[in-house]
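> sharing a model prediction with you, sequence too.
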Amino acid sequence: MAALFLFAHQDDEFGVYQRILDARRRGLRVACAYLTDGATGGVTAGRRNAESRAVLARLGVDEGDIVFAGEQLGIGDGRLPLHLERAARWVDAWLGGFDDIDALHVTAWEGGHHDHDALHALAVLLAERRGLLERTWQYSLYQADGLPGPLFRVLAPLPRNGAPRSWIIPWRDRRSFLRHCLSYPSQRVTWTGLFPFVLLHYLVHGVQTLQPVALERLRERPHAGALYYEKRKFFSWERMRAQLRLWRPDVFI
C-alpha cells in the first residue's frame, strides 16, 4: 500500500509533515513527486532538492521514492499552469506505477500560489479517471480569503473545499516539525514570512487537516475577491482559467 504526495515546490511538504509521518508509522510506502524544478533567484534546483530530500528522510521516506519530476520535465517554478499537458502525462504514468494506492494528497484549491492550483486541477482530474477521487485529499498551505493587502493565512483550509478531517499532532512531533521548517536555508526570505504563522498554528491548533476534493470546485474561483497570487501579481484567475481550458476544453468550457 502506498501513500502518494504531490508537491509543486520543494518545501511544500510542510503542509503534510504529520500525514507523511503517520503513513510511515503505519507501514505504508510513501512516494513524493515535485512538479516544478524550484529554481528561483539564483538558487539551483539541486540545492532545493537536497533540502527537501533531507527533510523527507527524517520523516522516514526512502530516497528512491522521491522524484523531482519538474526538473526532469524542465518546468520552472511559477510555470506549471503553462505546462499542464506535459505534467499531467507524467503524473498519470507515475500513478500507474502503483498497484495499490491508499491515498493521494495534493495542494489545495485555494488561490495561494498558481502552481498549487494548477497541480490540484490536474491531480483531481487524473484521480477521477483512475477511480481515486474518494482516496484523494487536499492540504492547505496558504491563502488570502477575505484579507486586505498582502496579508495571508497559513495552514487554514477554505470551508468551501469541504468538511475538514483533523488529527492532533503530538507535541514531540510539533517540535520536530518546527526544526524541519528551518531546514530550507535557500528559502530564508519566504520562511521569514511563513514561520511565525506555522509556529502559531502548532501552538494554538496543533492539528493536521485534510479535505476531500471535488470536480465541481475546479469550475469555481477558489474564493471571492483577489487571490493571493493576483495580489502579488504572479498570475491571474483569468490566465489560470485560460490555461485550464487549453488543456481540457471538455471540462473547462
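Yep, that arrived. Residues are numbered from 1 along each chain as shown.

> in three-state terms, label Arg221 for me.
The three-state assignment at Arg221 reads coil, by DSSP: H, G, I helix; E, B strand; the rest coil.

> mind checking how far it is from His114?
For Arg221, the distance to His114 equals 13 Å [CB to CB, to the nearest Å]. All C-beta atoms are positioned from the backbone trio N, CA, C, and that covers glycine.

> all helices of this structure, in order?
Ranges of helices in the chain, per DSSP state H, are 17-25, 45-58, 69-73, 84-96, 114-129, 171-181, 188-204, 228-231, 237-247.

> the fourth one packs against which elements?
Just to be clear, that refers to helix 84-96. With contacts taken as 3 or more CB pairs under 8 Å, 6 or more residues apart in numbering; DSSP states H and E, helix 84-96 sits against helix 69-73, helix 114-129, helix 237-247.

> check which helices and strands the longest one is in contact with.
If contacts are counted by 3+ CB pairs under 8 Å, 6+ apart, helix 114-129 sits against strand 2-7, helix 84-96, strand 101-107, strand 136-139, helix 237-247.

> what sits up against the shortest one?
By that I understand strand 136-139. Contacts of strand 136-139 from elsewhere in the structure, counted by CB atoms under 8 Å, 6 or more residues apart in numbering, are 15-16, 19, 103-109, 120, 123-124, 127, 161, 209-213.

> sketch out the low-pLDDT regions of this protein for me.
Scanning the chain for pLDDT under 70 picks out no residues.

> find the residue at the geometric middle of it.
The chain has Thr107 as the residue nearest its centroid, 3.0 Å off, counting by CA atoms, centre = their mean.

> tell me what that one is bridged to.
Using DSSP bridges, the bridge partners assigned to Thr107 are Tyr139.

> beta partners for Gln143?
What pairs with Gln143, by the bridge criterion (DSSP bridges), is Arg153.

> what residues of stretch 26-40 count as buried?
28-40 (16 or more other CB atoms under 10 Å).

> what does stretch 196-203 give?
For stretch 196-203, by 16+ other CB under 10 Å, it's Val198, His201, Tyr202.

> let me know the closest of those residues to Tyr228.
Val198 (16.3 Å; CB to CB).

> contacting residues for the closest one?
Phe14, Val154, Leu155, Leu178, Cys181.

> burial count for the second one?
Right, Val154. For Val154, the count of nearby residues is 20 (other CB atoms under 10 Å).

> doesn't His201 make contact with it?
Yes: Val154 is in contact with His201 according to CB atoms under 8 Å; the separation is 6.4 Å.

> if we can go back for a sec, could you identify which of the helices of the chain is most buried?
Across the helices of the chain, averaging neighbours per residue (mean count of other CB atoms under 10 Å) puts helix 114-129 on top, at a mean of 24.

> what angle separates that one from strand 2-7?
Put simply, helix 114-129 runs at 150 degrees to strand 2-7, going by axes from the mean of the first three to the mean of the last three CA atoms, to 10 degrees.

> so which of the helices of the chain comes closest to Gln143?
That would be helix 228-231 among these, by CB to CB, at 6.1 Å.

> roughly how far does Phe197 sit from Glu63?
30 Å.
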